[in-house]
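# let me see the structure of the following:
(chains A, B, C, D and E, ligands or ions: 4)
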Amino acid sequence: MHSIHPTRVRISTTTSLYATGLLDYIAVKFRELYPDVEIQFIPVGSSAALRYAERGDVCAVFVHEPNFEKKYLDMGVIEEQKIFAFNYFIIVGPREDPANISMAIDVVDAFRRIYSAERESTYFISRGDGSGTHTREIYIWKLAGISPTDRPWYKECGCGMDQALIIANELKGYTLSDVGTYMVLKIRGRIPNIEALYNSSTDIVLLNIYSGYLAKGCRGIERRYAELFLNFIYSNPDIVDNFGVNEYGVRLFYSARHFDGDIRDLWSKLAGIG
Amino acid sequence: MKAMAEIIDTILRSIMVSGVATLMASLWSIPLAYLFVFRNRGSVFIEAVIETLVGIPTVLLGLLLYILFSSSGLLGFLGLLYTPQAIIIGESILVTPLIISISYRSIRGIAHLYYEFALSIGANRVQRMRLIVSQSLPGVVAACITGFSRAIGELGIAMMIGGNIKGYTRVMTTAIALEVAKGNFEEAIILGIVLLLITIAISIAIKLISRVYVA
Amino acid sequence: MKAMAEIIDTILRSIMVSGVATLMASLWSIPLAYLFVFRNRGSVFIEAVIETLVGIPTVLLGLLLYILFSSSGLLGFLGLLYTPQAIIIGESILVTPLIISISYRSIRGIAHLYYEFALSIGANRVQRMRLIVSQSLPGVVAACITGFSRAIGELGIAMMIGGNIKGYTRVMTTAIALEVAKGNFEEAIILGIVLLLITIAISIAIKLISRVYVA
Amino acid sequence: MNIELINVWYRYSKSKDWALKEISITFRSSEIVYIDGHNGSGKTTLLKIASLMYRPTKGFITINNKNFWSLNEEKKTLFRRRVVYVHEKPILLRGTVLDNILYGLRIRGIDIEEALDISLNILSMFGIDDLINKPIQKLSTGQAQLVAIARALAVKPDILFLDEPFSNLDKEKRKAVINILNEFQTKGMGIVFSSHNIDIDGLSRYRRIVLENGVIASIYE
Amino acid sequence: MNIELINVWYRYSKSKDWALKEISITFRSSEIVYIDGHNGSGKTTLLKIASLMYRPTKGFITINNKNFWSLNEEKKTLFRRRVVYVHEKPILLRGTVLDNILYGLRIRGIDIEEALDISLNILSMFGIDDLINKPIQKLSTGQAQLVAIARALAVKPDILFLDEPFSNLDKEKRKAVINILNEFQTKGMGIVFSSHNIDIDGLSRYRRIVLENGVIASIYE
Ligand SMILES: Nc1ncnc2c1ncn2[C@@H]1O[C@H](COP(=O)(O)OP(=O)(O)OP(=O)(O)O)[C@@H](O)[C@H]1O
Ligand SMILES: Nc1ncnc2c1ncn2[C@@H]1O[C@H](COP(=O)(O)OP(=O)(O)OP(=O)(O)O)[C@@H](O)[C@H]1O
Ligand SMILES: [Mg+2]
Ligand SMILES: [Mg+2]
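Ligands and ions are numbered 1, 2, ... in the order given. This next block holds a predicted model:
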């Protein structure tokens, strides 16, 4: 039964997550169950997404930035965390890999190699926008005990993940990326000059955890449906696991459901590194 | 094919939203322009303010409106944020100074002349106003078209208070921005060219109207 | 305080980049405007093309230039992408139609008159050109200032081919966009107001110049 | 009809100087008055005040012994319809010559058939019937001036005020207009005009008023 | 100096009709010529052709028996400097009255002191020395016309072409200009002018040429 005025549930999300198409895909499936509910995604910068929740403009948020999430949780702005998916950060860089990071033993070693590479024009592109990815990158430099920010090859673009990858591709530089955005651009042929050079599914600092939250200010029917939607994602691991496999040839997201306890611990750890 | 349908949907929504915004803006801008011409006291000040507002950066206006419309904002209770109505309101505010300033200039250019003529030939008050309105109409229409062109090409407001929601508040400019983020340059270029064609059509329309006007 | 220094740095860079872009654009736009006035064959066609290009969406132009400048693009070997030079080139292309069209209109309005006058009083070819140039100068300067105003308020090109690299290609509009993405709305508003103040100063400058011009 | 100016002074709103000073004069039906004077002497200003367009800064205007500027809007319009002023530079409305001639008739509520009749008549009187459907931007300056004068005569005012009506006309057209004016005058119309151009041979007997610096310097009967 | 038009025809570029047809006439120093004719009869066109501004569509112009339009640019300029045309509507340059008077002198390479001298002289001749530093936008139409005529006379052309020079002048100024023209004529300057306005009493003996529809209809010596 379609009612004339569907209930609209607004969810702010980071642009990079939205651009993979996962959310729209899930929303379509959800609508099959709840035809009266229209899930509306507002793709924005990651920190802006949480800011919108704080101001009460959205009912839920999808983000992947534990340090920020923690801050807003502590402020009492968001609640009811649902970790619904994870994947890994990867280090991408020029195919020739001048810093030889594909031989690195761990991510810290990889960053050290980038730092001490023979330089002509081996750039490192930093998001520089205070996003979760940016925070993680800074954390890794810290673990490595080096500070690159005053180096001429260290470029802060103040941009989204897509733009950072495009810049890395053009300048033949390295950058830290989530695998989803990387695959989306790769498959469309936008970043032919760079490859995923380092990835690891064991390195906790490369773990990229996607969570959904309800905004505290959200009430009534909208909140009920938002909660339903979060539960729907959480309780349908197949959808998350299979999304994009046909199109991209690899898995973009792993459902968090099967790793529930562990992933929560890891999340708390990551939230502490901000 | 689904993508095509979506693109067309976005284009139609853009035209609709900007069209309504322009119409709304005309509703108050045109009478205001006439008012400023008729009561020409302090006109230098008003002119300066209006012309300054014409150049307001759209992100700034978008941001201010967002803060106003957001649920913790002054007008939050209206629930307008992230609706097409919000974009319409935002764009109508954006183009108001533009429509006023262009109309004002075109009306002022002729009002005195035709006022005197109407008086000289014995028109009564209503007939005088009617004459000035009819003689200045082409310039005013051109102003509205210019306003539409500005509205449809605008990104900041549509993004900040529209939210770029698929199938609901996504317009051509926000769609272009998103397609670029997705790496779909081809789609972005197609949308960009459609937008260009629309603005071409508009500039031709203005040319034709102003030809009638000179006539 | 470091933040303050950074903001000032960004503002100065914006002014510099847009200033150089406008100067470069003037280098070819102004002579072209004169050329179009002097050889007025096919002028209707040229006028239509130029006025259309004035309205080109900046994201579209930014995208096209990105494709051109990217390493796999035609001009990739120049290594211009993500440099201030790239923004300068992009903005100078962006404002070219604007400067041409405004200059053209202001020159055309007076060229015939002063050409005939110069001929009538015995000026030789060089003196005739010089007279037309000197009489049309204020209008041309106003056109350049309008171009600068457009360049400094432009986002699409600075973002797509400048890359918003901190301390290098970050300009006011891209900085505003970044602050918005970061959720730092207050900073974004401050930057937006600075941008607005600059455009206000510009519109006042145009008013003053055009007053001299009418004079 | 009598329009009497009683000690009228006029100053433009942004000006410090008086454009007209202590003007007392009466304009009547059936009479021709020629306002003479140097550039800037106040001819145009006087005509616009006498034709009830500008309100005197000081002094009064009475029409048939009624104080014009204290009448209500409606009555003012009724008087204004009996008096027409034609600008120095013709002001034409967008559209054709016919549209222009019709305008003055239509705002007086004259129905379209009668208005068309009158328009055709006046145009053929001026010998410009062939221009009837010409868009106004295709007229030469002289033709535009004829249209403006014809438009004013079409509404048969009691007194017609013409500001430099001959300035853009060549000798032949000038003659034609003078003949037409004479004809209307004999039918009782008052005509007041200003001119630099003293080649007005053939005009019926007129009174000449010379303005100097905003003051009436002399009157020749 | 003699400017001879030999069977000159002229057609404006976007026009189908000839504005001038088979014009043959000579203009000379020391002679006054009055070009008469209706609106649109070709007066302005003839003056602009004779003052070497417009190139005839057909026919020749010889100056002192040289075919003007086959000369090189430099020689053309030399002849043009000896002939000045003053537009119907005065065209003034931004700046002051002085800037305008100086212009014609400075482009002839006359040094600034001499040019200043000449300018002051001509302005006092016209009785407008007090306007010398006035910005041109503050001039009345009549004053602007005087400045344009003064500017032309300042360069002492062999032949001066004036298009409707009296149209914006009141009677007194007209008289003053006529006297000045007479004076220059007696010193050898040729003067050619067009006019609707036949009040040119006081002008020295002139030849009157009447144009009709682009053709010379009659010549009165
Ligand atoms: N709109 C105006 N604002 C201020 N002053 C004006 C205005 N119009 C005219 N004046 C001044 O009023 C005086 C009379 O002007 P008016 O136009 O009546 O003269 P006129 O005799 O018609 O001159 P002309 O022969 O040049 O048409 C002049 O000093 C003029 O400068
Ligand atoms: N720029 C032009 N383009 C086309 N035709 C023109 C142009 N200027 C004048 N004409 C035409 O050439 C003819 C002669 O015009 P011209 O200006 O020489 O007449 P005139 O005798 O000076 O008239 P007036 O007394 O109105 O100044 C007219 O038929 C006119 O319409
Ligand atoms: Mg006057
Ligand atoms: Mg002429």
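# just the C-alpha atoms of stretch A:101-110, please, in PDB.
The C-alpha atoms that make up stretch A:101-110 are tabulated as PDB, following Å, rounded to 0.1, in the frame of the first residue of the first chain:
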ATOM      1  CA  ILE A 101      56.300   0.300  -0.300                       C
ATOM      2  CA  SER A 102      54.900  -3.000  -1.600                       C
ATOM      3  CA  MET A 103      57.900  -4.600   0.100                       C
ATOM      4  CA  ALA A 104      57.000  -2.900   3.400                       C
ATOM      5  CA  ILE A 105      56.600  -5.200   6.400                       C
ATOM      6  CA  ASP A 106      53.800  -3.100   7.900                       C
ATOM      7  CA  VAL A 107      52.100   0.100   7.400                       C
ATOM      8  CA  VAL A 108      54.500   2.100   9.600                       C
ATOM      9  CA  ASP A 109      57.300   0.800   7.500                       C
ATOM     10  CA  ALA A 110      55.500   1.800   4.400                       C
END
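# quick one: residues contacting the closest residue to D:Asp163 other than its chain neighbours.
Nearest non-adjacent residue to D:Asp163, counting by CB to CB, 6 or more residues apart in numbering or on different chains: D:Glu88, 4.3 Å away. Using the backbone N, CA and C atoms, a C-beta is placed for each residue, glycine as well. By CB atoms under 8 Å, 6 or more residues apart in numbering or on different chains, the contact set of D:Glu88 is D:Thr44, D:Asp163, D:Glu164, D:Ser167.
# in strands only, show me these.
D:Asp163 (DSSP state E).
# please convert the buried members of the contacts of D:Glu88 into ChimeraX selection syntax.
Those of these that count as buried under 16 or more other CB atoms under 10 Å in any protein chain shown are selected in ChimeraX with:
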select /D:44,163,164,167
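# what about the closest residue to ligand 1 within chain B, which helix or strand?
Of all residues in chain B, B:His112 sits closest to ligand 1, at 9.3 Å by CB to the nearest ligand atom. For B:His112, the element it lies in under DSSP states H and E is helix B:84-121.
# quick one: B:Gly163 and B:Leu81 touch, right?
Yes: between B:Gly163 and B:Leu81 a contact is recorded at 7.5 Å, counting by CB atoms under 8 Å.
# that older thread, so which bits of the helix holding B:His112 are buried?
Buried-residue list, helix B:84-121, by 16+ other CB under 10 Å: B:84-104, B:106-108, B:110-111, B:114-121.
# wait, what's in contact with A:Pro209?
Not Pro; residue A:209 is Ile. Listed by CB under 8 Å, 6+ apart, the contact set of A:Ile209 reads A:His64, A:Pro66, A:Ile83, A:Ala85, A:Phe86, A:Ala256, A:Ile263, A:Leu266, A:Trp267, A:Leu270.
# widest-spaced pair of those residues?
For the contacts of A:Ile209, the farthest-apart pair by CB to CB is A:Ala85 and A:Leu270; their separation is 14.6 Å.
# give me the more crowded residue out of the two.
Remark: of A:Ala85 and A:Leu270, A:Ala85 carries more neighbours, 29 against 24, as counted by other CB atoms under 10 Å in any protein chain shown.
# can you tell me the SS state at D:Thr62?
Following DSSP: H, G, I helix; E, B strand; the rest coil, the label given to D:Thr62 is strand.
# from ligand 3, how far off is it?
Plainly put, D:Thr62 is 25 Å away from ligand 3 if you go by CB to the ion, to the nearest Å.
# the chain: helices as residue ranges?
No chain was given, so I picked chain A. Applying DSSP state H to chain A gives helices spanning A:15-19, A:22-33, A:46-54, A:66-74, A:107-115, A:132-144, A:161-171, A:179-187, A:220-234, A:237-242, A:245-248, A:260-271.
# meant chain D actually
Counting by DSSP H, the helices of chain D are D:43-50, D:73-80, D:97-106, D:112-125, D:141-154, D:171-186.
# got the ones you listed as TSV, with distance to B:Pro138 and mean pLDDT columns?
Converted to TSV, those look like this (distance: least, CB to CB, whole Å; pLDDT from 0 to 100):
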stretch	distance to B:Pro138	mean pLDDT
helix D:43-50	28	95
helix D:73-80	28	94
helix D:97-106	15	95
helix D:112-125	25	95
helix D:141-154	20	93
helix D:171-186	32	92
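# picking that back up, so which elements touch the helix or strand just after the helix holding B:His112?
Following helix B:84-121 in sequence order, the next helix or strand is helix B:125-152 (DSSP H and E). If you count contacts as 3 or more CB pairs under 8 Å, 6 or more residues apart in numbering or on different chains; DSSP states H and E, helix B:125-152 packs onto helix B:2-38, helix B:84-121, helix B:185-214.
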